[in-house]
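*Asks:* Pasting a predicted model and its sequence here:
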Amino acid sequence: MNHWPFIIAAYAITALGTLALSWASWQQMRAAEARANDMKRDN
Amino acid sequence: MHAFANPARFLKIARPLTPWLFWGGLLLIGVGAYSGLFLTPADYLQGESVRILYIHVPAAWLGMGGWSAIAIAALMQMVWRHPLAGVAGRAIAVPGALFTAICLVTGSIWGRPTWGTWWEWDGRMTSMLVLLFLYFGYIALARASAEEGRGIAENGGVSRVTAIFALVGAINLPIINRSVVWWNSLHQGPSITMRGSTIDSAILWPLGLTVLGFSLWFGAIVLMRMRAILAQNKVEARLARLAREG
């Protein structure tokens, strides 16, 4: 049995999960901090 | 730990630390994964599939480590009323759940060529699946407490029920750890213990890089999520004050 398709699938799923969570967390942080800063400036 | 109880002091450290942990972690993951895929030999018994080790073990480590950290945060919240403990618990939950899921999926993929099956209801796999459901429960409880306004009142933290749930859920951690010793399992026994490793050093060395890399990256993600919760909390507190004044 060729093991490489299994290895590639495992690494691809991990990479996808890691990158998706990185992107989502960074976006969430950036948006929340920008909103807090805007509100601070407005007051 | 109470030195970091002040969110302003915490943010002063978290802001410069986040990119260092994030990029340092990704670099180590990249080097470790490349080494594991292309520089190490195949295992004499498992063949090439052993290369899944370099992502499966860090995922298991972070899934279990994440819940350990949530339980410690819950204890700190309940005993010392640390204002950032609940925020930390909320921030750890999603990345912890993701890595528990990655551990289960990569383990299943590894199991097919090695054991001839995708899944077996044995102690290790079942207790790890229970951990994933515990994460889902914690996320739902934490979200519910935040939506009800209790989370806001507790500086973006979690309710007492959520903290108790985290502490009770920690009972599953030693069960996961000892499952391969207590019950017959397709899963191999403990390979890395305090007394050393049964894995040959020619195969083992990139594992340290990926475990450290994923741990640093996980730290960066938790800091990002804590910063988001604190900023969101600040906005909601200000809106509530404005509403009271208006």
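*Replies:* In hand now; what should we look at?
*Asks:* pretty sure B:Ile199 is in a helix, no?
*Replies:* No: per DSSP: H, G, I helix; E, B strand; the rest coil, B:Ile199 lies outside any helix segment and is coil.
*Asks:* excluding its backbone neighbours, what's nearest it?
*Replies:* B:Ser191 (5.3 Å; C-beta to C-beta, 6 or more residues apart in numbering or on different chains). Bear in mind the C-beta positions are built from the backbone N, C-alpha and C, glycine included.
*Asks:* how close does the one you found sit to B:His56?
*Replies:* Relative to B:His56, B:Ser191 is positioned 12 Å away (C-beta to C-beta, to the nearest Å).
*Asks:* Look at the two and report which has more neighbours.
*Replies:* B:His56 (23 against 14; other C-beta atoms under 10 Å in any protein chain shown).
*Asks:* I'd guessed that one sits against B:Ser108; true?
*Replies:* No: with contacts counted by C-beta atoms under 8 Å, B:His56 stays clear of B:Ser108, the gap being 10.0 Å.
*Asks:* and the residue nearest to B:Ile199, what is it in contact with?
*Replies:* B:197-199 (C-beta atoms under 8 Å, 6 or more residues apart in numbering or on different chains).
*Asks:* of all those, which comes closest to chain A?
*Replies:* Among these, B:Ile199 lies closest to chain A (C-beta to the nearest C-beta), at 17.3 Å.
*Asks:* The closest one against B:Thr193, yeah?
*Replies:* No: counting by C-beta under 8 Å, B:Ile199 sits too far from B:Thr193 to count as a contact (11.2 Å).
*Asks:* So B:Val79: helix, strand or coil?
*Replies:* On the basis of three-state DSSP, B:Val79 is classed as helix.
*Asks:* Show the pLDDT at it.
*Replies:* Listed pLDDT for B:Val79 reads 90.
*Asks:* What count of nearby residues applies to it?
*Replies:* 9.
*Asks:* Any stretches of chain B with poor pLDDT?
*Replies:* B:1-5, B:149-156, B:246 (pLDDT under 70).
*Asks:* Spell out which residues of it are next to chain A.
*Replies:* Contact residues, chain B versus chain A (C-beta under 8 Å from any C-beta of the partner chain): B:22, B:29, B:33, B:37, B:47-49, B:51-52, B:55-56, B:59, B:94-95, B:98, B:101-102, B:105-106, B:109-110, B:112-113, B:217, B:221, B:224-225, B:227-229, B:231-232, B:234-235, B:238.
*Asks:* go again using 6 Å as the cut-off
*Replies:* Contact residues (C-beta under 6 Å from any C-beta of the partner chain) of chain B with chain A: B:47-49, B:51-52, B:55, B:98, B:102, B:105-106, B:109, B:113, B:221, B:224-225, B:227-228, B:231-232, B:234-235, B:238.
*Asks:* can you give me the helices for chain B?
*Replies:* B:7-34, B:53-75, B:85-115, B:123-147, B:150-153, B:160-169, B:172-182, B:201-245 (DSSP state H).
*Asks:* need those helices in TSV with distance to A:Asn2, can you?
*Replies:* What follows is those, written out as TSV (distance: least, C-beta to C-beta, whole Å):
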stretch	distance to A:Asn2
helix B:7-34	20
helix B:53-75	18
helix B:85-115	9
helix B:123-147	24
helix B:150-153	50
helix B:160-169	40
helix B:172-182	28
helix B:201-245	20
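*Asks:* Identify each buried residue in stretch B:127-139, please.
*Replies:* B:127-128, B:131-132, B:134-135, B:138-139 (16 or more other C-beta atoms under 10 Å in any protein chain shown).
*Asks:* Quick check: closest non-adjacent residue to B:Gly208.
*Replies:* B:Gly32 (7.7 Å).
*Asks:* my read: that neighbour touches B:Thr210, true?
*Replies:* Yes: with contact defined as C-beta atoms under 6 Å, B:Gly32 and B:Thr210 form a contacting pair (3.6 Å).
*Asks:* Please identify which of the two sits among more neighbours.
*Replies:* B:Thr210 (26 against 23).
*Asks:* Now do the contacts for that one.
*Replies:* B:29, B:32, B:54, B:58 (C-beta atoms under 6 Å, 6 or more residues apart in numbering or on different chains).
*Asks:* Check B:Val158 too.
*Replies:* By C-beta under 6 Å, 6+ apart, the neighbours of B:Val158 are B:86, B:89-90, B:142, B:145.
*Asks:* Quick one: the helices in chain A, in order.
*Replies:* Using DSSP H, helices in chain A cover A:4-42.
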